[in-house]
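**Student:** no sequence on this one, just coordinates:
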């Protein structure tokens, strides 16, 4: 071995000691440095994965909420459209009812007015006939110089009214 030591210039025991020291340092570093650093890196990776999972979950919940919102918005729009149509239909029906009732009332008022006018006309004609009849009898008595009976009186009044109407 002495040739080996001479050629390389390394003592076997020194090399063995350095090797054992390197292994010991490696084991100590692994126990106190590599494992905690690896654990810290693993924990950090899990935390990042958890954040990504939470973000993905929040994104899917937001998409679900957006879909619910859109559905509710469409339902609200459909409901408002239906309510507007129903209100329009009720308003049209009410308008038709009011117009029909107004037409019936106007017709009733016109018919009553026509009946009243006819009644007043009949009353006026009757009053005029009575008055004309009295005047005609008085005039006929003075002209004829005698008393006029009921039959003559009616004939004179009818003739006078006919001539007056023509």
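**Tutor:** Structure received. Small disclaimer: the values here were computed from a predicted structure and weren't measured. Numbers count the residues shown, from 1 in each chain.

**Student:** Can you get me a residue count around residue 52?
**Tutor:** Neighbour count of residue 52, defined by other C-beta atoms under 10 Å: 10. All C-beta atoms are positioned from the backbone trio N, CA, C, and that covers glycine.

**Student:** Which neighbouring elements make contact with the helix or strand harbouring it?
**Tutor:** For residue 52, the enclosing helix or strand under DSSP states H and E is helix 35-144. Packed against helix 35-144, as judged by 3 or more C-beta pairs under 8 Å, 6 or more residues apart in numbering; DSSP states H and E, are the following elements: helix 150-165.

**Student:** Tell me the helices and strands packed up against the helix it packs on.
**Tutor:** In this structure, helix 150-165 packs against helix 35-144, with contacts taken as 3+ C-beta pairs under 8 Å, 6+ apart.

**Student:** Quick one: distance of the helix it packs on to the chain centre.
**Tutor:** Here the centre of helix 35-144 is set off from its chain's centre by 12 Å, with C-alpha atoms, centre = their mean, to the nearest Å.

**Student:** All further residue positions should be reported with the first residue as 38.
**Tutor:** From this message on, residue numbering opens at 38, which makes the last subject helix 72-181.

**Student:** That helix relative to helix 187-202, how many degrees between them?
**Tutor:** Here helix 72-181 runs at 120 degrees with respect to helix 187-202, directions being taken by axes from the mean of the first three to the mean of the last three C-alpha atoms, to 10 degrees.

**Student:** what residue ranges in the protein are flagged as low confidence?
**Tutor:** When residues are selected by pLDDT under 70, those of the chain lie in 38-47, 170, 173-185, 201-203.
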